[in-house]
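J.: Sequence and computational prediction follow.
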Amino acid sequence: MPSTTEILGGLTASSMFNLRGIVAVVTGGGTGIGLMMTSTLIANGAKVYIVGPQQKELDRIAGVYNNGVAAGMGTMHGVEADIRKKSEATRIAALISEREPNGITVLFNNAGITKGHFKRPEFSASNPPNAQAFVDALFNSVSQEDFDDVYNTNSVGPYWLTFAFLPLLEKWKSSPGGQKFPPQIVMTSSMNGWTKDAAVSGFSFPYLFSKSAIGHATSTLAHELLPLGIRVNGIAPGLFPTEMSNPGNMDEQGITTIAPEKEYEFEIPANKAGGTRYDMGSLVLFLVANWFVNGETVLIDGGTLLRHPSSY
């Protein structure tokens with residue numbers, strides 16, 4: 001029987017969230033919310049592979065953070081890939097399998113883009129609502145290519161990656177680290193997977209639809225993979241300062257800030273400037289360390305959907 005000292009020692013944050021020995025793969029891990037995840041993971045001892053479209057930029061951001069690690073922290077490694085493609089999912093899973101014979105602990109299907117924005121039609125007494133105005137705004141202004149690109153990146157790619165990495169996640173169960181941290185897939189959805197107001201998404205139905213799909217995939221894949229003992233959970237962020245939400249304001253460390261005077265067409269009760277890397281990082285640590293959550297998507301939106309119509 002453990003002593004109370006041993007019990008209390010095991011309940012410290014430094015013990016529960018000590019990630020030394022775990023291996024994570026984070027798509028889109030070199031920028032935005034993905035970098036918030038990655039930096040938290042390596043700060044607590046994990047080895048992380050960040051996946052993105054340009055090896056040069058992946059190597060640059062990995063170098064920035066690897067140069068800042070202290071004793072007991074982990075490392076970051078870049079892997080270039082087009083995550084929209086089934087063949088690429090197979091290729092990078094094989095590549096990481098060669099480097100990680102004990103498998104991986106967690107796959108973060110995080111990469112996402114937004115395109116296909118529209119301007120909501122404005123009507124008046126002299127210009128009443130009419131179908132053509134909606135066709136012009138939401139159909140004619142959205143290209144097939146943009147819609148496909150958003151959907152393939154945000155929804156289809158995570159499907160291919162989930163199954164390509166299953167053998168590596170299964171292998172982790174029999175590794176020494178698998179006794180503490182069970183294998184898991186974490187999907188980045190969005191509050192926009194549940195909102196009924198397109199203003200919250202920056203007026204992009206391709207983005208809304210793709211994030212709804214990922215929200216549904218989280219619970220259905222969790223159910224399907226129960227026999228394997230591999231969990232699937234999700235994160236549904238609201239506004240976080242990223243290159244997507246505030247283009248042109250990213251520094252050399254991949255950090256984006258939002259000016260206090262910047263206006264959005266939706267309300268964020270908790271903090272007008274959005275969530276922080278500490279908010280996202282603490283949620284990531286919780287999901288990695290917790291055995292007892294499966295098939296859930298955690299909304300982290302600062303209360304936005306409490307103010308806007310949603311189905312969450």
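T.: Cool, got the structure.
J.: Not counting the helix or strand containing Val232 itself, show me its contacts.
T.: Assigned by DSSP states H and E, Val232 belongs to strand 231-237. By C-beta atoms under 8 Å, 6 or more residues apart in numbering, the surrounding residues in contact with strand 231-237 are 33, 162, 182-191, 193-194, 211, 214-215, 218-219, 221-222, 225, 275, 280, 283-284, 287, 293-301, 312. Where you see a C-beta, it was placed from the backbone N, CA and C, and this is true even at glycine.
J.: State which helix of the protein is the longest.
T.: Taking DSSP state H as the assignment, the helix of the chain that covers the most residues is helix 205-224.
J.: the strands in this structure, which residues?
T.: Assigned by DSSP state E, the chain shows strands spanning 23-27, 47-52, 75-80, 106-109, 184-188, 231-237, 297-300.
J.: hmm, back to that, the longest helix of the chain vs strand 184-188, what angle?
T.: When axes from the mean of the first three to the mean of the last three C-alpha atoms, to 10 degrees is applied, the directions of helix 205-224 and strand 184-188 differ by 160 degrees.
J.: Can you point out the buried residues in helix 205-224?
T.: 205-215, 217-219, 221-222 (16 or more other C-beta atoms under 10 Å).
J.: hmm, back to that, mind listing the strands the strand holding Val232 pairs with, and their directions?
T.: strand 184-188 (parallel), strand 297-300 (parallel) (DSSP bridges).
J.: which stretch among those comes nearest Ala81?
T.: strand 184-188 (16.6 Å; C-beta to C-beta).
J.: what comes into contact with the closest one?
T.: Contacts for strand 184-188 (C-beta under 8 Å, 6+ apart): 28, 33-34, 105-112, 158, 162, 165, 169, 214-215, 217-218, 221, 230-235, 237, 284, 287-288, 297.
J.: Tell me, how many residues neighbour Met37?
T.: 30 (other C-beta atoms under 10 Å).
J.: One more: Trp172?
T.: 24.
J.: now swap in Leu287 and tell me
T.: 19.
J.: That one: what's it in contact with?
T.: Applying C-beta under 8 Å, 6+ apart, the residues near Leu287 are 184, 186, 233, 235, 293, 298.
J.: run the last query once more with 6 Å
T.: By C-beta atoms under 6 Å, 6 or more residues apart in numbering, the residues touching Leu287 are 186, 233.
J.: and it, how far is that from Gly234?
T.: According to C-beta to C-beta, to the nearest Å, Leu287 and Gly234 sit 9 Å apart.
J.: Tell me the pLDDT of Asn294.
T.: The per-residue pLDDT reported for Asn294 equals 97.
J.: I'd say it and Ala222 touch.
T.: Yes: counting by C-beta atoms under 6 Å, Asn294 does reach Ala222; the two are 5.3 Å apart.
J.: from the middle of its chain, how far away would stretch 34-49 be?
T.: 13 Å (C-alpha atoms, centre = their mean, to the nearest Å).
J.: With stretch 222-230 instead?
T.: How far stretch 222-230 lies from its chain's middle: 20 Å, per C-alpha atoms, centre = their mean.
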